[in-house]
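[1] Just to be clear, the model below is a prediction. Sequence and coordinates:
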Amino acid sequence: MLSGRPAPRDARPEAPRRTPLTQTAAERVAAAGTPPMEVLVVDDDASVRRACAEIARTLGFQVTEAADALQARAALAERATDLLLLDLHMPGGSGLTLLDEVRTAHPSMIVVVMTAYASVKTAVEAMRIGAGDYLTKPFTLEELTTTLERAAQRRTFDAESRALREKLRTGNGLGMLVGKSPVMEKLYRILSKVAYTTHPVLILGESGTGKELIARSIHQNGPNKSRPFIPVDCGALVPTLIESELFGHVKGAFTGANRSKVGLLAAAERGTVFLDEIGELPLDLQAKLLRALQEREVRPVGATHSVPISARIVAATNRDLAQMVEQGRFRKDLFFRLNVVNIRVPPLRERKSDIPLLAAHVLDRMRRENSMNYTFADDAISLLMQYDWPATCANSSTPSSVPARCRAARCCTSATSPRRCRTTVSTSRAASRSTSSHTTCPPPSRA
Ligand SMILES: Nc1ncnc2c1ncn2[C@@H]1O[C@H](COP(=O)(O)OP(=O)(O)OP(=O)(O)O)[C@@H](O)[C@H]1O
């Protein structure tokens, strides 16, 4: 135990136990090619301070020690510190005051506070001010080791997250997402965090705003990028086909099922299944999907047994799903299950500053695809900037009552295809099953 009292001999840090967690985090830091983490240990109790410093050194950190707030301020001024291990009760100024100063002057510094058991309230206050973690004295070597490793992992995560954000921002995230507007920057920040998890994600946005691109980007930057990314258009398939596509079927399950087929949810293994147009999924299939997500298994059509699934689910829609829930057209429980992380993709009219970049991106793509040296007419970009990129009626809560012409017009906010676009023209589900066509939107009007 490490406490305010001198630590017993056997608790001294000659040989801290190396757990697999320790090795993994150390390897991650090394793999990230980052320099050793700089730790400042601040405690007026010399035995605790030295013990902490010793353990941190053993784990590969660079360590500086400070016996009071004054020494701590000097050390902070002298070297770039990544992690502050701070005792809250010290002479010469309270640890809380120091913590407050650090939060203001070094917002990205990770702070772990050490506090006596009797003052959990203070620890809560410290967390409120911005400490990232805390250790309650007396703590064991293992607790200290785990806390330091957690801090190291967090720094690696922060660094990776920053790198990914930069990649996405500069359009190098697989050369996919283009845009530098503040709303896109915000989106990249969210994506960089979401990509590392395997939680379900719900992407909401008007048609053509890049929802599928975002889903791919989440997959490609995630831990299972080597696994498949499988897009499924829930609005383009007949319900029976969706069921067999998603869940699979056994031989003879229905007319034409000559062979058993593994469903996409199972086939993706630890990859990503992208359920596009999730708002179009019929209610009975919503119930089956919900059960699949809850139980992490699916029962193929006609089968008597279930098979496990481990795919990540990313769903997207241009519908107002919350409103569909209120209207009883989308299951509330499925909505909550999918909506663990919610990403709203801003339409082009909210990021007009991206238009020149996007236009150049599309032109470049067209040049490569058609081996033609296209250029913009003199006033092309300014016309695109003047166009208002109106909201479309595909978000309407009563899609079946929306005239076909209106639904066709949902391409109007497409980020990159203002004139010609992919859309499903339909007034009924039957039509949407089979009909897919290109349509032309009104040209940008001169202001
Ligand atoms: N930020 C962006 N950067 C580069 N290309 C983009 C961006 N947003 C959209 N696009 C392009 O616009 C087209 C439509 O994108 P995508 O299919 O991802 O949109 P969507 O929101 O899924 O559309 P829908 O709702 O019709 O399925 C694609 O060619 C895509 O590459």
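    Received the coordinates, thanks. Numbering: from 1, shown residues only.

[2] Leaving out sequence neighbours, find the closest residue to residue 84.
    With Cβ to Cβ, 6 or more residues apart in numbering as the criterion, residue 84 has its nearest non-adjacent residue at 4.7 Å, and that residue is residue 111. For glycine as for every other residue, the C-beta is placed from the backbone atoms N, C-alpha and C.

[3] same thing with residue 179?
    residue 354 (4.0 Å).

[4] isn't the one you found right up against residue 182?
    No. The pair residue 354 / residue 182 is not scored as a contact, 10.2 Å apart, by Cβ atoms under 8 Å.

[5] contacting residues for the spatially most central residue of the chain?
    The chain has residue 194 as the residue nearest its centroid, 1.0 Å off, counting by Cα atoms, centre = their mean. Contacts for residue 194 (Cβ atoms under 8 Å, 6 or more residues apart in numbering) come out as 201, 218, 341, 343.

[6] would TSV of those residues with distance to residue 95 and secondary structure be doable?
    Below are the contacts of residue 194 laid out as TSV (distance: Cβ to Cβ, whole Å; DSSP: H, G, I helix; E, B strand; the rest coil):
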residue	distance to residue 95	secondary structure
201	39	strand
218	40	helix
341	35	strand
343	39	strand
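
[7] Could you pull out the helices in the stretch 1-150 of the chain for me?
    Applying DSSP state H, counting those that start in this stretch to the stretch 1-150 of the chain gives helices spanning 20-31, 46-58, 69-78, 95-105, 120-129, 141-169.

[8] what is the mean pLDDT for the second one?
    For helix 46-58, the mean per-residue pLDDT is 93.

[9] ok, back up a step: tell me, what's the model's pLDDT at the residue nearest to residue 84?
    Residue 111 is assigned a pLDDT of 90 by the prediction.

[10] That one: how many residues sit nearby?
    Neighbour count for residue 111, taken as other Cβ atoms under 10 Å: 25.

[11] Got the confidence number for the closest residue in space to residue 272 that isn't next to it in sequence?
    Nearest non-adjacent residue to residue 272, counting by Cβ to Cβ, 6+ apart: residue 219, 4.1 Å away. pLDDT recorded at residue 219 is 92.

[12] for the one 3 residues further on, same thing?
    In this model, residue 222 is scored at 86, pLDDT.

[13] So residue 290 sits against residue 337, correct?
    Yes. Using Cβ under 8 Å, residue 290 makes contact with residue 337 at a distance of 6.1 Å.

[14] Can you pull the residues that touch both of the two?
    Here residue 290 and residue 337 have no joint contacts, going by Cβ under 8 Å, 6+ apart.

[15] host element of residue 215?
    Following DSSP states H and E, the helix or strand that holds residue 215 is helix 211-220.

[16] Name the residues of the helix or strand following that helix that are buried.
    Downstream of helix 211-220, the next assigned helix or strand under DSSP H and E is strand 229-233. By neighbour count with 16 or more other Cβ atoms under 10 Å, strand 229-233 contains the buried residues 229, 230, 232, 233.

[17] Which neighbours in the sheet does strand 229-233 have, and how are they oriented?
    Strand 229-233 has its sheet partners listed here by DSSP bridges as strand 272-276 (parallel).

[18] How about the residues of the stretch 101-250 of the chain by the ligand?
    177, 178, 179, 205, 207, 208, 209, 210, 211, 212, 213 (Cβ under 6 Å from any ligand atom).

[19] can you redo these as CSV with neighbour count and pLDDT?
    Below are these laid out as CSV (neighbours: other Cβ atoms under 10 Å; pLDDT from 0 to 100):
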residue, neighbour count, pLDDT
177, 23, 87
178, 21, 89
179, 23, 89
205, 21, 94
207, 23, 91
208, 27, 90
209, 24, 93
210, 25, 93
211, 23, 95
212, 17, 94
213, 18, 93
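
[20] ok, the closest residue to the ligand within the chain to residue 178 distance?
    Nearest residue of the chain to the ligand (Cβ to the nearest ligand atom) works out as residue 210 at 2.7 Å. From residue 210 across to residue 178, the span is 9 Å (Cβ to Cβ, to the nearest Å).

[21] which stretches of this protein aren't confidently modelled?
    Applying pLDDT under 70 to the chain flags residues 1-35, 91-94, 117-123, 129, 158-175, 392-447.

[22] coming back round to it: and of the contacts of residue 194, the nearest to residue 149?
    residue 341 (26.0 Å; Cβ to Cβ).

[23] Close to the ligand: what parts of the stretch 251-400 of the chain are there?
    Counting by Cβ under 6 Å from any ligand atom, the stretch 251-400 of the chain sits next to the ligand at 276, 318, 361.

[24] what about the last one, how many residues close to it?
    Right, the one you point to is residue 361. 18.

[25] so it is in which element?
    Counting by DSSP H and E, residue 361 is part of helix 355-370.

[26] any idea which helix or strand comes after that helix?
    Using DSSP H and E, the helix or strand that follows helix 355-370 in sequence is helix 380-386.

[27] From the contact counts, what lies against that following helix?
    helix 355-370 (3 or more Cβ pairs under 8 Å, 6 or more residues apart in numbering; DSSP states H and E).

[28] Buried residues, the helix it packs on. List them.
    355, 357, 358, 359, 361, 362.

[29] and the residue nearest to residue 179, what is it in contact with?
    178, 179, 180, 181, 184, 348, 415.

[30] now residue 109
    Residue 109 neighbours (Cβ under 8 Å, 6+ apart): 81, 82, 83, 84, 102.

[31] Please identify, among the residues you listed, the one with the most neighbours.
    Among those, residue 84 has more neighbours than the rest - 27 neighbours, counting by other Cβ under 10 Å.

[32] Nearest spatial neighbour of residue 279, chain-adjacent residues omitted?
    Per Cβ to Cβ, 6+ apart, closest to residue 279 is residue 319, 3.5 Å.

[33] ok, now residue 262?
    The nearest residue in space to residue 262 (Cβ to Cβ, 6+ apart) is residue 248, at 4.9 Å.

[34] and residue 66, bridged to which residues?
    residue 42.

[35] from memory it sits against residue 42, does it?
    Yes. Residue 66 lies in contact with residue 42 (Cβ under 8 Å); the separation is 4.6 Å.

[36] Compare neighbour counts for these two and give me the winner.
    Between residue 66 and residue 42, counted using other Cβ under 10 Å, the more crowded position is residue 42 (28 against 23).

[37] correct me, but the more buried one touches residue 99?
    No. Contact criterion Cβ under 8 Å: residue 42 and residue 99 do not qualify, at 10.0 Å.
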